[in-house]
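Participant: sequence and predicted model, in that order:
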Amino acid sequence: MPERPTATVAPAAAPTAHPEIAAWVAEVAELTAPERIVYCDGSRDEWDRLTADLVAKGTFVPLPAKPNSFWCVSDPDDVARVEDRTFICSERESDAGPTNNWVDPVDMRTVLTEHYRGAMAGRTLYVIAFCMGPLDAGEPKYGVQITDSEYVAVSMQIMTRSGAQVWEQLTPGTEFVKCLHSVGAPLSEGQADVPWPCDKTKYIAHFPESRTIWSYGSGYGGNALLGKKCFALRIASVIGRDEGWLAEHMLILKLTSPQGKTHYIAAAFPSSCGKTNLAMLEPTLPGWKAETVGDDIAWMRFGADGRLYAVNPEAGFFGVAPGTGAKTNPNAIATIEAGNSIFTNTARTDDGDAWWEGLTEQPPAHLIDWRGHDWTPESGTPAAHPNSRYCTPIEQCPSVAPEWNDPRGVPISAIFFGGRRATTIPLVAESFDWAHGVFTASVLSSETTAAAAGAVGVVRRDPMAMLPFLGYHVGDYFAHWLAMGAREGAQLPKIFQVNWFRRSADGKFLWPGFGDNVRVLKWALERLDGTADAVRTPIGHVPTADALDLQGLGAGYRGLAGAALAVDVDEWVRELESIDEWYASIGGNRLPDALRAELAALKLRLAEAL
């Protein structure tokens, strides 16, 4: 490999008096050798300048059909989170646990330092100050991301509160998470750039003790927008453990009944399992109103009243496009129709719009597909990548709740956990108590989707839908959940498990999903009030045949509802083998005894039901 250049650029003047930031930027610049340094101010002028640069280099294509919006395609090898290249570099290997890839932090810094050496040559080093959650929160959490990607710089404008308003708050002594990112594609003098620069080698490394993130080689999504999964979940989960709160892969939804009673719920689903659709629910039941607080991440803390309050730390949606349409998620469609959005790896229409499978019933006669090639319905390949994304501001969502930016958060009445399972898991089941709910969430399972690199359709355990996002040992994480529930004076939400994806023997979905999921939520909220019937089963309380409100639902689905709710004891006995294997992989010394007791109790209940 040819020797990479060293820095020759003078450090730019920082818009903050925080001495650690200026020193860190100078240190990174010395290592990565950028052509220039720019401190981002988050302004519209900056957006216009950066998007114009991206258009000029061929990365962005303006979309005339949507105001201030752009389409782009990534490198075909840079299309999703790369879990096998994502590392938790804790000081002790045992603290990373069995679900994470661990590398000694000294070794990782040594390896990555050489990758970073001269990695920004010929490029601009951008410094982005951002805040996760409302700027006026009692304890705001700040980050500073260094990146050589204009795509990242404009996306962070949408996804976070960033720029001048954050620089003002980063006063000397203020804590912040250091986020270093490079696409790993230096340019030698006179070398032409490519529309989507990246390296074949990729690392997404987290250093929990020093609250630091180093990402190299990828320009895509959660690998590169370091405020998202890297900070808001992996590092924040460690901060939450240390400070006594929860950072979770959850939507936050406000539900108001026809009688005017409001509840807030949180719900955790693995990626591409309907989380965004539920966050922007359009209820099919008359008189019910749903409003969006957040679609992906919830930070939850106990309030003075003992209730658990949730804040959405993000300012934008980074949603999976395929399957999103006027029927499945009309609020998402209305949000992106307002413009100010970036579309990555969708298809592009001849009249300058984005398109993906599920957007319309019939595809256009001609498209430019996500690889940049001509496409027709006869092509035999997807026009949009299965993990293609839209990046759009929350504030322009028509279903957004006024409280979405409230620094106090919203009080959570119920927490839902769900995965994509064709069998075994019923449509909904209420946990017996908090410890049983934690057990149920700890063995949550789902069939893998295209949101992460690897095989699709494999059933894997995904505890609390956090498997790829935990910043520390999974057993300690379960213990933290149990400890939160044991807190004196805690008024805990009820915990439910749902499965919108159960199928019949001939492969058909047993439940219509989407807006009809309000029927399940209604039953759950009625359980909080003690007004809904349920039958006790070995796995929890399940609605009786007539407890779900099925008014207006097609006769076909009304007939299938019973099958969707069925608890098959034989299937659950087989499920126990997989749960035993999962718990055995965690290790006896870190799995809480309370969860062992819950598993033993489940086995006993199933044995009695045979």
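Facilitator: Received, thanks. Model, not experiment: these values are computed from the prediction.
Participant: from Pro363, how far out is Pro350?
Facilitator: Not Pro; residue 350 is Asp. The gap separating Asp350 from Pro363 is 12 Å, by C-beta to C-beta, to the nearest Å. All C-beta spots, glycine's among them, are computed from the backbone N, C-alpha and C.
Participant: centre-most residue in the protein?
Facilitator: By C-alpha atoms, centre = their mean, the chain has its centre lying nearest to Asp296, at 4.5 Å.
Participant: my read is that that residue contacts Val320, right?
Facilitator: No - applying C-beta atoms under 8 Å, one finds Asp296 not in contact with Val320, separated by 10.6 Å.
Participant: tell me where the stretch 51-200 of the chain has helices.
Facilitator: With DSSP state H, counting those that start in this stretch, the ranges of helices along the stretch 51-200 of the chain come out as 93-96, 105-116, 150-159, 164-169.
Participant: check which residues of the first one are buried.
Facilitator: It stands for helix 93-96. By 16 or more other C-beta atoms under 10 Å, the buried positions in helix 93-96 come out as 95-96.
Participant: one more: stretch 481-490?
Facilitator: So, applying 16+ other C-beta under 10 Å, buried residues of stretch 481-490: 481-482, 484-485.
Participant: got it, and stretch 199-212?
Facilitator: Using 16+ other C-beta under 10 Å as the test for burial, stretch 199-212 gives 199, 202-208, 211-212.
Participant: same question for stretch 329-349.
Facilitator: 329-333, 335-338, 340-349.
Participant: could you list the low-pLDDT ranges of the stretch 51-200 of the chain?
Facilitator: Within the stretch 51-200 of the chain, no stretch has pLDDT under 70.
Participant: err, the chain, not the other one
Facilitator: 1-12, 449-457.
Participant: what are the ranges of the strands in the stretch 351-500 of the chain?
Facilitator: Using DSSP state E, counting those that start in this stretch, the strands found in the stretch 351-500 of the chain span residues 354-355, 367-368, 374-375, 389-393, 410-418, 428-430, 445-447, 459-461, 494-498.
Participant: returning to that earlier point: want to throw the buried residues of stretch 199-212 into a markdown table with secondary structure and distance to Glu175?
Facilitator: Converted to a markdown table, these look like this (DSSP: H, G, I helix; E, B strand; the rest coil; distance: C-beta to C-beta, whole Å):
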| residue | secondary structure | distance to Glu175 |
| --- | --- | --- |
| Asp199 | coil | 31 |
| Lys202 | coil | 28 |
| Tyr203 | strand | 25 |
| Ile204 | strand | 22 |
| Ala205 | strand | 20 |
| His206 | strand | 17 |
| Phe207 | strand | 15 |
| Pro208 | coil | 14 |
| Arg211 | coil | 8 |
| Thr212 | strand | 12 |
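Participant: picking that back up, which of the buried residues of stretch 329-349 fall within helices?
Facilitator: The helices, defined by DSSP state H, take in 330-333, 335-337 from the buried residues of stretch 329-349.
Participant: need those in JSON lines (columns: distance to Leu444).
Facilitator: What follows is those, written out as JSON lines (distance: C-beta to C-beta, whole Å):
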{"residue": "Pro330", "distance to Leu444": "28"}
{"residue": "Asn331", "distance to Leu444": "26"}
{"residue": "Ala332", "distance to Leu444": "25"}
{"residue": "Ile333", "distance to Leu444": "29"}
{"residue": "Thr335", "distance to Leu444": "28"}
{"residue": "Ile336", "distance to Leu444": "30"}
{"residue": "Glu337", "distance to Leu444": "34"}
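Participant: and those, which is closest to Leu528?
Facilitator: Asn331 (25.2 Å; C-beta to C-beta).
Participant: list the residues that contact that closest one.
Facilitator: Neighbour list for Asn331: 280, 282, 292, 397-399 [criterion: C-beta atoms under 8 Å, 6 or more residues apart in numbering].
Participant: make a markdown table from these and add distance to Asp476 and neighbour count to it.
Facilitator: Formatted as a markdown table, the contacts of Asn331 follow (distance: C-beta to C-beta, whole Å; neighbours: other C-beta atoms under 10 Å):
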| residue | distance to Asp476 | neighbour count |
| --- | --- | --- |
| Met280 | 34 | 28 |
| Glu282 | 39 | 18 |
| Thr292 | 32 | 26 |
| Cys397 | 36 | 23 |
| Pro398 | 41 | 16 |
| Ser399 | 36 | 21 |
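Participant: widest-spaced pair of those residues?
Facilitator: Of all pairs drawn from these, the widest gap by C-beta to C-beta lies between Glu282 and Cys397 and measures 12.0 Å.
Participant: show me what the helix or strand harbouring His263 packs onto, helices and strands only.
Facilitator: His263 is part of strand 262-268, with elements assigned from DSSP states H and E. Packing contacts for strand 262-268, counted by 3 or more C-beta pairs under 8 Å, 6 or more residues apart in numbering; DSSP states H and E, involve strand 250-256, helix 275-279, strand 410-418, helix 518-529.
Participant: and for the following helix or strand past the shortest one, what's in contact with it?
Facilitator: Same thing as helix 275-279. Later in the chain than helix 275-279, the nearest helix or strand by DSSP H and E is strand 289-294. Residues outside strand 289-294 that contact it (C-beta under 8 Å, 6+ apart) are 250-256, 264, 279-283, 310, 312-314, 331, 394, 397, 399-404, 410, 518.
Participant: now what about the very next helix or strand once past strand 289-294, what contacts it?
Facilitator: Using DSSP H and E, the helix or strand that follows strand 289-294 towards the C-terminus is strand 298-302. Here strand 298-302 makes contact (C-beta under 8 Å, 6+ apart) with 132-133, 232, 236, 240, 244-248, 250-252, 266, 308-313, 409, 412, 484, 487, 490.
Participant: drop anything exposed from the residues you listed.
Facilitator: 132-133, 232, 236, 240, 245-248, 250-252, 266, 308-313, 409, 412, 484.
Participant: and of the contacts of Asn331, the nearest to Asp148?
Facilitator: Using C-beta to C-beta, the contacts of Asn331 come closest to Asp148 at Cys397, 31.1 Å.
Participant: who's the closest spatial neighbour of the closest one, skipping the chain neighbours?
Facilitator: Thr335 (4.3 Å; C-beta to C-beta, 6 or more residues apart in numbering).
Participant: from what I see, that neighbour and Pro398 are in contact.
Facilitator: Yes - between Thr335 and Pro398 there is a contact under C-beta under 8 Å: 7.1 Å.
Participant: which strand residues bridge the closest residue to Asp369 other than its chain neighbours?
Facilitator: Sequence neighbours aside, Trp375 is the residue nearest to Asp369 in space, at 3.9 Å (criterion: C-beta to C-beta, 6+ apart). Taking DSSP bridges, one obtains Leu367 as the residues bridged to Trp375.
Participant: quick one, what contacts Thr59?
Facilitator: 72, 150-151, 195-196.
Participant: which members of these are classed as buried?
Facilitator: Going by neighbour count (16+ other C-beta under 10 Å), the contacts of Thr59 have 72, 150-151, 195-196 buried.
Participant: same list, those residues, but as JSON lines with distance to Arg117 please.
Facilitator: Shown next, in JSON lines, are the buried ones among the contacts of Thr59 (distance: C-beta to C-beta, whole Å):
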{"residue": "Cys72", "distance to Arg117": "28"}
{"residue": "Glu150", "distance to Arg117": "22"}
{"residue": "Tyr151", "distance to Arg117": "23"}
{"residue": "Pro195", "distance to Arg117": "25"}
{"residue": "Trp196", "distance to Arg117": "23"}
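Participant: out of these, who's nearest Ala224?
Facilitator: Among the buried ones among the contacts of Thr59, and counting by C-beta to C-beta, the member closest to Ala224 is Tyr151, at 7.7 Å.
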